[in-house]
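Asks: Below is the structure, and that's it, no one-letter string:
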């Protein structure tokens, strides 16, 4: 795709290392993430994302570097929408703060995979049918106008969400949490031990689909800046990696400032 293989390997190695350190070293135990730790984590992930632009500048062009940094900032900004929805999901399922990091870790991992697939497909479509960018533009204008004239200020009722209702119709779901487990074996009416999903798994599914919906807006916006798959994917992933730390930071601020809701 025009980018040396070793640059892709460096990118994937950096992402895998960050994920391994996050779950295997820094957050091995379930615990609440305080505002001080959130600030440090946010600064760390932003620094990593900005530092990667040095590699882009060294091996690519100043134009590619400018596109990477612009896409990184835009994706960080658009991620604020995701954070408020994640807070709503955790509140609906009454997920304790000490388990939220585990859900977000696996949620971000799924987000990276889904974004990679969508960006790969989008890059292929744009490369062969450049006029698709005009459809993306019209879609973004339409969603902007729709938001401008939206009048419904009420908090959405997640119990009526079609994804949640579908998941509950297809899965055995427990009413209560079972620690930090997504699945648990419980006896059925016949006494057989069968797998049940916990509210933690439902929260994870809702977060994945929420991000998928947000990606429909954000990815076309990034393609308006650059059509280079490497620039689009790396800026997107490095911005998303810091989503967990931004969530805990903003969630703590929401608790302190009531009217921020």
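Replies: Thanks, I have it. None of these values were measured; they are calculated from a predicted model.

Asks: Doesn't residue 196 belong to a helix?
Replies: No. Residue 196 is assigned strand when assessed by DSSP: H, G, I helix; E, B strand; the rest coil, not a helix.

Asks: And for it, the neighbour number?
Replies: When counting by other CB atoms under 10 Å, one arrives at 18 neighbours for residue 196. Just so you know, the C-beta spots here come from the backbone N, C-alpha and C atoms, and that holds for glycine as well.

Asks: Please apply the same query to residue 258.
Replies: Close neighbours of residue 258, defined as other CB under 10 Å, add up to 7.

Asks: Now do the same for it: its pLDDT.
Replies: Confidence at residue 258, expressed as pLDDT, is 71.

Asks: What ranges does the stretch 101-250 of the chain have for its helices?
Replies: 132-148, 162-170, 199-223, 229-241, 243-256 (DSSP state H, counting those that start in this stretch).

Asks: Run through the neighbouring helices and strands of the lowest-mean-pLDDT helix or strand in the chain.
Replies: For the chain, using mean pLDDT, DSSP states H and E, the weakest element among its helices and strands is helix 243-256, scoring a mean of 79. Using 3 or more CB pairs under 8 Å, 6 or more residues apart in numbering; DSSP states H and E, the elements in contact with helix 243-256 are helix 35-59, helix 62-93, helix 97-128.

Asks: what's next to the shortest one, contact-wise?
Replies: Translated: helix 35-59. Outside helix 35-59, the residues that touch it by CB atoms under 8 Å, 6 or more residues apart in numbering are 4, 7, 10-11, 14, 18, 33, 64-65, 68-69, 72, 76, 231, 234-235, 238-239, 241-242, 244-246, 248-249, 252-253.

Asks: got the angle for that helix vs helix 243-256?
Replies: Here helix 35-59 points in a direction 140 degrees away from that of helix 243-256 (axes from the mean of the first three to the mean of the last three CA atoms, to 10 degrees).

Asks: If we go by neighbour counts, what in helix 35-59 is buried?
Replies: Using 16 or more other CB atoms under 10 Å as the test for burial, helix 35-59 gives 37-38, 41-42, 45-46, 49, 52-53, 55-56.

Asks: Format those as JSON lines; extra columns: distance to residue 129.
Replies: JSON lines is the format used below for these (distance: CB to CB, whole Å):
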{"residue": "37", "distance to residue 129": "46"}
{"residue": "38", "distance to residue 129": "42"}
{"residue": "41", "distance to residue 129": "40"}
{"residue": "42", "distance to residue 129": "38"}
{"residue": "45", "distance to residue 129": "35"}
{"residue": "46", "distance to residue 129": "35"}
{"residue": "49", "distance to residue 129": "30"}
{"residue": "52", "distance to residue 129": "30"}
{"residue": "53", "distance to residue 129": "29"}
{"residue": "55", "distance to residue 129": "30"}
{"residue": "56", "distance to residue 129": "26"}
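
Asks: Run through who's touching the least confident helix or strand of the chain.
Replies: 33-35, 37-39, 41-42, 44-45, 76, 79-80, 82-84, 86-87, 90, 97, 100-101, 104-105, 108, 111, 260-261.

Asks: how long is stretch 219-229 end to end?
Replies: End-to-end span of stretch 219-229 (CA to CA, to the nearest Å): 11 Å.

Asks: filter the contacts of helix 35-59 to the buried ones?
Replies: By neighbour count, with 16+ other CB under 10 Å, those hold 7, 11, 14, 18, 33, 64-65, 68-69, 72, 76, 231, 234-235, 238-239, 241-242, 244-246, 248-249, 252 as buried.

Asks: How many residues are close by the residue nearest to residue 22 when sequence neighbours are not counted?
Replies: Among residues not flanking residue 22 along the chain, residue 105 sits closest, at 6.5 Å (CB to CB, 6 or more residues apart in numbering). Counted by other CB under 10 Å, the residues lying close to residue 105 total 16.

Asks: With the one 5 residues further on instead?
Replies: Here the neighbour count serves as a burial measure; for residue 110 (other CB under 10 Å) it reads 16.

Asks: before we move on, the earlier item: which of the buried residues of helix 35-59 lies closest to residue 209?
Replies: Nearest to residue 209 among the buried residues of helix 35-59: residue 45, at 23.7 Å, using CB to CB.
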